[in-house]
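Novice: here is a sequence together with a model predicted from it:
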Amino acid sequence: MTAPTSSSPHGAAPATPPRLKRIVAASLIGTTVEWYDYFLYGSAAALVFGKVFFPDSDPLTGTLLSFLTYAIGFAARPLGAVVFGHFGDRIGRKKLLVTSLMMMGGSTVLIGCVPDYHTIGVAAPIILTLLRLIQGFALGGEWGGAVLLVSEHGDARRRGFWASWPQGGAPAGNLLAVGVLSLLTGNISSAAFESWGWRVAFLVSAVLVGIGLWIRLSVDESPLFKAALAQAEARKAKERAERPPFLDVIRLHWRDILVAMGARMAENISYYIITAFVLVYCVDHLEMPKQTALNAVLIGSAIQFCLIPVFGALSDRIGRKPVYLFGAVGTGAWVWAFFALADTRSYAALITAVTVGLIFHSAMYAPQAAFFSELFATRMRYSGASIGAQLSSVAAGAPAPLIATALLGSTHGSGTISLYVAAAAVITIIAVLAGRETRGSDLAAVAPEHDAGRHAPAAVHESAVEPSA
């Protein structure tokens, strides 16, 4: 099949390489800042929030309560996906990305200012929880917009590679969050860290948000969205007002939403076990130094950041599904070795456990951006990708550290936790196998009427214009 010179039949050509790289950089940096804010909370919940905001509880109960406030943030993510997806599909990706960054940064800085339980009593955890809800709402709208801004500027042949870069914001943000906490715990006393040191990490977000906003404001709106918006405006001049995009996406793309939700189960659960719960497991259960556990996550996150674009590029060559399945199968198998290595209390073994776990996670996370983007039509893509991704986070990432901590407390071992992760891997494998292969799809050709199983996949261009790396 001969490919046209544009990935859009409406004249929206792929961005030139310099412009595309600027868009990728803006999405990556903004996403890194948002994930820094979000992951910082998870790490602080594992290390210090139980003592600061729930001091009257025993250590394990305090950790469970702090993880409960952590999980509550996930509850707001689907709502954020619906609201940001609605307006992102109506007024554009860029404006909503700026809004989400400001909301996330503002709530993170305020968390660093919340007085502890001894100062204002029960109001402290209540305020903390409200700010966590704002974080979750903002992140629910961030992910879809960031990956779509890149996906819709690029071309079909290298979409997996380019769209994987915003995914690198997760390990980069975690790397930054854990790095700041590691720097603080390594240079001040435990008492000082619990008193004021942890707050420094949250207040630093103000600087990072300023940098992210400056870069994010410099990019253009998606050309595919502009073309789709012009079409929608022309239709509205002749017809009645359009339904909200999220209603259409649920009606027309419900199978794709289910595929996205299932695909995220192992990816989401394994990540929070490897990067958040591991701090509780190593520090509280195995009585290893905080610094050792933080450094293991730090090293694993650095390696993951480098591997995500590699797996993204591989998905352009062999398909989204094979790469994703490799990660899901590997995760289900590796979780047993993960805890066995951690139980040795060896620094090298813990680094190996975390790093290999994050390698398998990368194989799922890297193609996810392109995979989910290619499932939905342009005028409902922000809503579809966001809703599919964030609904699963409530059942997967939200309770993962909480469930793992509860299982550890009841069994005093890791066997049931390994079963929990392995079961999530089975769900993901089934979902990915049930989904269609989307590699090479022309985003402009994904029909709004597409209903998986009844219509043909989107058009595939065999030789689309390819920006150089």
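Specialist: Sure thing, it's come through.

Novice: and the strands in the stretch 1-150 of the chain?
Specialist: Here the stretch 1-150 of the chain has no strands by DSSP state E, counting those that start in this stretch.

Novice: okay, now the unreliable bits of it?
Specialist: Across the stretch 1-150 of the chain, the ranges flagged by pLDDT under 70 are 1-18.

Novice: in it, which spans are helices?
Specialist: Per DSSP state H, counting those that start in this stretch, the stretch 1-150 of the chain carries helices over the ranges 17-44, 50-53, 59-75, 77-91, 93-111, 117-120, 123-151.

Novice: pipe these into CSV and attach distance to V180 and mean neighbour count per row.
Specialist: The C-beta positions use only the backbone N, C-alpha and C, and glycine is treated the same way. Converted to CSV, the helices of the stretch 1-150 of the chain look like this (distance: least, CB to CB, whole Å; neighbours: other CB atoms under 10 Å):
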stretch, distance to V180, mean neighbour count
helix 17-44, 8, 23
helix 50-53, 17, 22
helix 59-75, 18, 21
helix 77-91, 24, 23
helix 93-111, 12, 22
helix 117-120, 24, 12
helix 123-151, 17, 25
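
Novice: out of those, nearest to P367?
Specialist: When the helices of the stretch 1-150 of the chain are compared by CB to CB, helix 123-151 sits nearest P367, at 11.1 Å.

Novice: residues in contact with the next helix or strand along the chain from that closest one?
Specialist: Downstream of helix 123-151, the next assigned helix or strand under DSSP states H and E is helix 159-167. Contacting residues not belonging to helix 159-167 are listed as 20, 24, 27-28, 31, 146-147, 149-151, 154, 308-309, 311-316, 320, 365-370, 373-374, 439, 469 [CB atoms under 8 Å, 6 or more residues apart in numbering].

Novice: format the helices of the stretch 1-150 of the chain as JSON lines; extra columns: distance to I429.
Specialist: Compiled in JSON lines, these are given as follows (distance: least, CB to CB, whole Å):
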{"stretch": "helix 17-44", "distance to I429": "26"}
{"stretch": "helix 50-53", "distance to I429": "35"}
{"stretch": "helix 59-75", "distance to I429": "23"}
{"stretch": "helix 77-91", "distance to I429": "24"}
{"stretch": "helix 93-111", "distance to I429": "31"}
{"stretch": "helix 117-120", "distance to I429": "44"}
{"stretch": "helix 123-151", "distance to I429": "23"}
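
Novice: out of those, nearest to T352?
Specialist: Across the helices of the stretch 1-150 of the chain, T352 has its closest neighbour in helix 17-44 (20.7 Å, CB to CB).

Novice: ok, now which ones touch L307?
Specialist: Residues near L307 by CB under 8 Å, 6+ apart: I359, S362, A366.

Novice: ditto for A45
Specialist: The contact partners of A45, by CB under 8 Å, 6+ apart, come to T63, S66, F67, T69, Y70, A276, P401.

Novice: number of nearby residues for the last one?
Specialist: Which is P401. Other residues lying near P401 total 29 when counted by other CB atoms under 10 Å.

Novice: quick one: which helix or strand includes it?
Specialist: Counting by DSSP H and E, P401 is part of helix 400-411.

Novice: helices or strands next to that helix in the packing?
Specialist: Counting by 3 or more CB pairs under 8 Å, 6 or more residues apart in numbering; DSSP states H and E, the packing neighbours recorded for helix 400-411 are helix 59-75, helix 254-272, helix 278-280, helix 415-434.

Novice: who wins for proximity to L391 among the ones you listed?
Specialist: Each of the helices and strands packed on helix 400-411 has some distance to L391 by CB to CB; the shortest is helix 254-272, at 5.5 Å.

Novice: and the closest one, what does it pack onto?
Specialist: helix 320-342, helix 347-373, helix 381-395, helix 400-411, helix 415-434.

Novice: buried stuff in that helix?
Specialist: Within helix 254-272, the residues that count as buried by 16 or more other CB atoms under 10 Å are 255-272.

Novice: please apply the same query to stretch 408-419.
Specialist: In stretch 408-419, counting by 16+ other CB under 10 Å, buried: L408, S414, I417, S418.

Novice: and A445, what pLDDT?
Specialist: pLDDT, A445: 60.

Novice: how about G440?
Specialist: Listed pLDDT for G440 reads 78.

Novice: now G319
Specialist: On the pLDDT scale, G319 gets 95.

Novice: and what of the one 10 residues further on?
Specialist: Confidence per residue is given as pLDDT, and for V329 that number is 98.

Novice: and V209, by the same measure?
Specialist: 85.

Novice: likewise I427?
Specialist: 97.

Novice: how about the nearest residue to it, chain neighbours excluded?
Specialist: Closest residue in space to I427, ignoring its immediate chain neighbours: M265 at 4.5 Å, by CB to CB, 6 or more residues apart in numbering.

Novice: wait, that neighbour touches A395, no?
Specialist: Yes. Assessed by CB atoms under 8 Å, M265 is found in contact with A395 at 7.4 Å.
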